[in-house]
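**Q** Build me a model:
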Amino acid sequence: MIRLRRRGVKPPADWQGTVDAALPDAAAFWRKARAFEKLAEQGAKRKKGFASYAPEVLPADEKGKPDLPPVWRTDARVRQAIAGMSNGFCAYCQSPVSSNHPGTSGEDRPPGQVEHFRPKARFPAQAYEWKNYFLACMACNGAKHDRWPAGGYVRPDEGRPGRRFVFAEDGGIEAREGDEQARCTVEDFGLKRYWLTQHRGTAIQCHLDFVRRLMGHPGIQLQDVLMTRPVAFSEAINQNVRRVWASGRRKRKKASRARPRRAR
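**A** I've put the predicted structure just below:
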């Protein structure tokens with residue numbers, strides 16, 4: 001997970017009107033949504049979801065069940081903006097969403113899913129809030145679903161999110177000790193899933209092979225071998241590069257101290 005920047009990612013001027021037009025009675029929806037969000041966040045009613053609480057203010061989906069109208073999915077502007085924000089990578093696992101799915105209309109409708117950071121079923125008043133949207137792969141979005149732990153998750157657009165996780169050379173991932181938000185993020189988004197771990201580990205090992213060949217060469221600095229662009233798994237790669245580089249420096253210093261000094 002890398003830090004995502006929201007500069008320029010804002011809803012168009014007609015967004016609120018577009019949302020309200022998709023609702024049977026917009027005023028009733030917003031009133032009920034705000035009331036629902038005043039309920040205990042981890043209470044039984046809240047966990048059942050907004051559709052159970054106020055079905056009368058929602059339109060029916062294709063199966064005839066009351067549901068929030070998916071304006072975020074049908075309006076291509078949403079996905080274009082958030083795909084650009086994360087460079088086409090999943091905001092959580094940093095795998096390339098756009099490489100294994102053709103998209104329906106090329107650049108105009110990039111692949112991936114619009115992930116509601118605070119799940120729309122439990123935070124309906126934020127279902128159409130652009131700051132609540134991230135691009136996600138199907139695996140991360142499906143694993144998380146409507147989960148929301150008491151402390152929430154690590155936001156990809158705040159602080160230095162990558163530093164809250166520890167990536168091993170084999171692609172494994174753990175939360176930093178004592179970081180409950182990071183632990184829940186790893187577990188609920190399925191960031192330890194088998195094939196994700198395998199691909200992450202391969203990317204790390206390939207770059208470390210390159211780094212180890214350069215280590216010790218005159219003039220080569222750490223900054224020369226770090227990933228400077230947001231490519232797949234760059235945070236995991238860079239963490240391991242820094243560890244290997246620091247370990248190499250310690251070994252070279254130790255070897256230097258162990259060499260016998262020449263007599264003058």
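**Q** quick one, what contacts the spatially closest residue to Pro24 that is not a sequence neighbour?
**A** Nearest non-adjacent residue to Pro24, counting by C-beta to C-beta, 6 or more residues apart in numbering: Pro59, 5.6 Å away. All C-beta spots, glycine's among them, are computed from the backbone N, C-alpha and C. Listed by C-beta atoms under 8 Å, 6 or more residues apart in numbering, the contact partners of Pro59 are Ala22, Leu23, Pro24, Pro66, Asp67, Pro69.
**Q** same check, this time on Pro55
**A** If you count contacts by C-beta under 8 Å, 6+ apart, Pro55 has them with Pro66.
**Q** separation between it and Leu68?
**A** 11 Å (C-beta to C-beta, to the nearest Å).
**Q** what's the answer for Leu214, then?
**A** 52 Å.
**Q** ditto for Ala150
**A** Distance, Ala150 to Leu68, by C-beta to C-beta: 24 Å.
**Q** Please say which of those two ends up with more neighbours.
**A** Shown here are Ala150 and Leu68; by other C-beta atoms under 10 Å, Leu68 has more neighbours (24 against 8).
**Q** Report whether the more buried one is found in a strand, as I expect.
**A** No. Counting by DSSP: H, G, I helix; E, B strand; the rest coil, Leu68 is located in no strand; its state is coil.
**Q** right, and it touches Ala54 too?
**A** No. Contact criterion C-beta atoms under 8 Å: Leu68 and Ala54 do not qualify, at 10.8 Å.
**Q** which is the next helix or strand following the helix or strand containing Leu135?
**A** In the assignment (DSSP states H and E), Leu135 maps to strand 133-136. Next in sequence after strand 133-136, counting helices and strands by DSSP H and E, comes helix 138-144.
**Q** so where's this structure shaky on pLDDT?
**A** The model of the chain has pLDDT under 70 over residues 98-111, 252-264.
**Q** picking that back up, helices and strands around the strand holding Leu135, which ones?
**A** Counting contacts by 3 or more C-beta pairs under 8 Å, 6 or more residues apart in numbering; DSSP states H and E, strand 133-136 is packed against helix 76-85, strand 113-116.
**Q** out of these, deepest packed?
**A** Of all these, strand 113-116 carries the top mean neighbour count, a mean of 22, counting by mean count of other C-beta atoms under 10 Å.
**Q** Can you name every helix or strand that that one contacts?
**A** helix 71-74, helix 76-85, strand 133-136, helix 138-144.
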